[in-house]
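Q: have a look at this prediction, sequence included:
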Amino acid sequence: MGNDLPVRDRAARPKAWLAWSSGKDSAWALHTVREAGLFDVVALLTTVNRTHGRVAMHAVRESLLEMQAAAAGLPLVKVPIPSPCSNEIYERAMSEAMERAAGEAVRHVIFGDLFLEDVRAYRESRLARCGMTPVFPLWGMETRALAETMIAGGLRAYLTCVDPRKLEREFAGRRFDAELLGDLPSSVDPCGENGEFHTFACAGPMFSADLAVTAGEIVEREGFVFADLLPGSTAARTA
C-alpha cells in the first residue's frame, strides 16, 4: 500500500487528496498514483448526498464508502451536499474543502477523468482559484484498453447507476468484467466516461481486502436506473 512508505520517503513527495467517486476510475487512479510514487495520497475526497446518505450520482451507501476508505488505508473527507444541489452550493462546499486541504499542506487533487475536455477545464479553473493543482493520471488512455487493464489487474466493480437513454436498464447491478465489456453496445464508452454508467469498486490492488457486496433492489429515479448495493462482510485477502 502507498501509505506504507518510510516517513522519510513520503515526506519528499507532494501531499495530495484523491477525488473519490467510489467507482472504478478513481480506484484505478489511486492505484496508478501509488505505483508511480510521485504523490503522497493522504485522503479520499467524496461528495455525499446528505439527504439520502449516499455518494452523489453513484448512489452508493455511506457504509460502503467507509468500507472502501478503510480498505484503501486512507481517511475519508466527506463533502455533504443537499439534493437537489445548485452549482453555487456545490462550488461553495468544495471551496471550503480546499481550504481545509490547504491548511493540511495539501496542494494537489487527483482525478480519475479520462477524456472529457470540458470537465478537465472546469476542474483546472476552479482549483486554480483555490491555489490547488489538479492531477489526471489516467488522462488520454484509450478506454477499451484501460478497461481491460483494470479487469486484468484484479479490479472488480458493479454498475450502480445506468443512464437508460444510453444503455439498457438491465445493465444496472451487473459486474464490470470482460463479459460486460463484450455486451456493451458500440455506442457506449467501455469506461462509461460519457455518463452511460457509474460503478462501485469492491476489489483490486488499491485495497487491502475485498469488499463483499450484493446487488439489491433496482429502482428508477430522476431519469436514471440505480442498483442498491448492500454491504456484506469484508473478505480478507493478501494485499
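A: Yep, it's here.

Q: C-alpha from now on. contacts and neighbour counts both.
A: OK.

Q: let me see the ranges of the strands in the protein.
A: Applying DSSP state E to the chain gives strands spanning 15-19, 40-49, 54-55, 76-81, 108-110, 133-135, 156-162, 197-203, 209-221, 224-236.

Q: now distance to A29 too, for the ones you listed, in CSV please.
A: What follows is those, written out as CSV (distance: least, Cα to Cα, whole Å):
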stretch, distance to A29
strand 15-19, 8
strand 40-49, 11
strand 54-55, 18
strand 76-81, 16
strand 108-110, 8
strand 133-135, 10
strand 156-162, 14
strand 197-203, 12
strand 209-221, 18
strand 224-236, 22
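
Q: and R34, which of those is closest to it?
A: Evaluated over the strands of the chain, closeness to R34 peaks at strand 40-49, with 7.8 Å, by Cα to Cα.

Q: any idea of the angle the closest one forms with strand 15-19?
A: The directions of strand 40-49 and strand 15-19 differ by 30 degrees, with axes from the mean of the first three to the mean of the last three Cα atoms, to 10 degrees as the criterion.

Q: only alpha carbons, please: show strand 40-49 as CSV.
A: Provided in CSV are the C-alpha atoms of strand 40-49 (Å, rounded to 0.1, in the frame of the first residue of the first chain):
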residue,chain,number,x,y,z
ASP,A,40,1.7,11.0,-1.1
VAL,A,41,-2.1,10.5,-1.2
VAL,A,42,-3.2,11.4,2.3
ALA,A,43,-7.0,11.3,2.0
LEU,A,44,-10.0,10.5,-0.2
LEU,A,45,-12.4,13.4,-1.0
THR,A,46,-16.1,12.5,-1.7
THR,A,47,-19.3,14.4,-2.1
VAL,A,48,-22.1,12.8,-0.2
ASN,A,49,-25.8,13.5,-0.6
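
Q: who are the packing partners of that strand?
A: strand 15-19, helix 24-36, strand 54-55, strand 76-81 (3 or more Cα pairs under 8 Å, 6 or more residues apart in numbering; DSSP states H and E).

Q: at 7 Å instead, please
A: The contact analysis (3 or more Cα pairs under 7 Å, 6 or more residues apart in numbering; DSSP states H and E) places strand 40-49 against strand 15-19, strand 54-55, strand 76-81.

Q: which of the ones you listed sits closest to A152?
A: strand 15-19 (23.0 Å).
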